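**Student:** no sequence on this one, just coordinates:
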Ligand code: UGA
Ligand code: MN
């Protein structure tokens with residue numbers, strides 16, 4: 001099966017660094033197809049050129065988050081959901097360009113997380129939905145499904161533990177065939193915070209007993225919810241005042 005990695009991404013000063021880092025992981029993954037969805041009105045030059053030269057098989061899509069759903073720089077990062085319409089655009093692409101006979105596994109990969117190559121080996125064999133722990137998630141060392149006798153029986157999490165599937169986007173993968181069996185299953189801007197993962201999986205009629213624990217029965221952390229520090233650019237303004245210009249804008253960062 002092909003692994004379809006779905007990555008929402010948006011313009012900010014750290015974007016290229018994130019994409020280079022992620023792509024250099026993905027270049028080590030056989031049989032991988034990258035679906036990059038820009039949160040923008042038109043495809044940017046930076047992402048277009050980056051993808052052309054990244055060496056991976058890819059699909060470049062667009063889906064703009066409407067302004068009333070977009071985070072302002074002053075908002076706390078949890079105020080509004082991120083990546084929702086971008087992930088849905090990727091699901092629409094899969095449903096249009098593949099069919100129910102196509103062999104694949106779908107994994108939602110944010111552009112700033114850290115992925116061990118091990119996770120791709122584990123998730124490639126997913127019958128319905130496979131799950132594993134996510135490090136540095138939920139203000140804990142890790143969040144994880146709880147496993148007894150090879151079956152998921154509950155969750156190790158502190159935040160909204162009553163959600164049907166209280167896990168991060170990085171902690172599960174779905175067999176492609178389920179997207180054809182449930183053609184309307186998708187994410188939603190309208191659901192309560194923290195319910196994106198649960199919304200998709202309940203749309204697909206997934207039950208706890210369907211979950212396939214990976215990573216040594218969820219005893220190993222092989223993905224991390226890392227977040228990149230916001231880069232300060234205050235000296236650009238300082239130099240603008242001093243010299244009339246900051247750094248050379250022809251140099252892409
Ligand atoms: C956490 C979860 O790990 C995400 O899967 C979830 O989408 C997000 O919260 C949420 O609450 O909606 P977090 O690290 O806080 O993730 O979010 P980001 O990494 O900032 O954003 C998730 C993805 O959406 C990234 O790939 C990012 O590039 C993209 N994004 C972010 C956009 O496409 N547009 C934006 O305006 C912001
Ligand atoms: Mn993130």
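**Tutor:** Okay, I see it. The structure displayed is predicted, hence computed values, not measured ones. Numbers count the residues shown, from 1 in each chain. Ligands and ions are numbered 1, 2, ... in the order given.
**Student:** residue ranges for the helices of the chain, please.
**Tutor:** 15-26, 45-53, 84-97, 117-123, 177-181, 196-203, 215-218, 234-243 (DSSP state H).
**Student:** how about those, which one is nearest ligand 2?
**Tutor:** Closest of these to ligand 2 is helix 15-26, at 9.2 Å (criterion: C-beta to the ion). Glycine gets a C-beta too; all of them are placed from N, C-alpha and C.
**Student:** The closest one near ligand 1 at all?
**Tutor:** No. Helix 15-26 lies out of reach of ligand 1 by C-beta under 6 Å from any ligand atom, never closer than 7.3 Å.
**Student:** Is that helix in proximity to ligand 2?
**Tutor:** No. In terms of C-beta under 5 Å from the ion, no part of helix 15-26 sits within range of ligand 2; the closest distance is 9.2 Å.
**Student:** interface residues of the stretch 1-150 of the chain facing ligand 2?
**Tutor:** Residues of the stretch 1-150 of the chain lying near ligand 2 (C-beta under 5 Å from the ion): 110, 112.
**Student:** so where is the stretch 1-150 of the chain shaky, pLDDT-wise?
**Tutor:** Low-confidence segments of the stretch 1-150 of the chain (pLDDT under 70): 76-78.
**Student:** Around ligand 1, pick out the residues from it.
**Tutor:** Checking the stretch 1-150 of the chain against ligand 1 by C-beta under 6 Å from any ligand atom, the hits are 7-10, 39, 65, 70-71, 77, 81-83, 86, 110-112.
**Student:** picking up where we left off before, okay if I get the helices of the chain as TSV plus mean neighbour count?
**Tutor:** Converted to TSV, the helices of the chain look like this (neighbours: other C-beta atoms under 10 Å):
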stretch	mean neighbour count
helix 15-26	18
helix 45-53	14
helix 84-97	19
helix 117-123	19
helix 177-181	18
helix 196-203	20
helix 215-218	18
helix 234-243	10
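**Student:** could I get these as a markdown table with distance to residue 34?
**Tutor:** Putting the helices of the chain into a markdown table (distance: least, C-beta to C-beta, whole Å) gives the following:
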| stretch | distance to residue 34 |
| --- | --- |
| helix 15-26 | 6 |
| helix 45-53 | 8 |
| helix 84-97 | 10 |
| helix 117-123 | 12 |
| helix 177-181 | 17 |
| helix 196-203 | 20 |
| helix 215-218 | 22 |
| helix 234-243 | 32 |
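**Student:** Tell me which of those helices sits nearest to residue 145.
**Tutor:** Residue 145 lies closest to helix 215-218 among the helices of the chain, at 5.1 Å (C-beta to C-beta).
**Student:** mind checking the end-to-end distance for stretch 175-188?
**Tutor:** 20 Å (C-alpha to C-alpha, to the nearest Å).
**Student:** Need the distance between the two termini of stretch 146-163.
**Tutor:** Terminal residues of stretch 146-163 are spaced 15 Å apart (C-alpha to C-alpha).
**Student:** Give me the distance between the two termini of stretch 217-232.
**Tutor:** 41 Å.
**Student:** Return the set of buried residues in that stretch.
**Tutor:** 217, 218, 220, 221, 222, 223, 224, 225 (16 or more other C-beta atoms under 10 Å).
**Student:** Do I have it right that the first one meets residue 146?
**Tutor:** No. Taking C-beta atoms under 8 Å as the definition, residue 217 is not a contact partner of residue 146, at 9.9 Å.
**Student:** residues near the closest residue to residue 151 other than its chain neighbours, how many?
**Tutor:** Leaving aside its sequence neighbours, residue 151 sits nearest to residue 209 (C-beta to C-beta, 6 or more residues apart in numbering; 6.6 Å). Neighbour count for residue 209, taken as other C-beta atoms under 10 Å: 8.
**Student:** follow-up on the earlier one: so which of the buried residues of stretch 217-232 also contact ligand 1?
**Tutor:** Of the residues in the buried residues of stretch 217-232, proximity to ligand 1 by C-beta under 6 Å from any ligand atom holds for residue 225.
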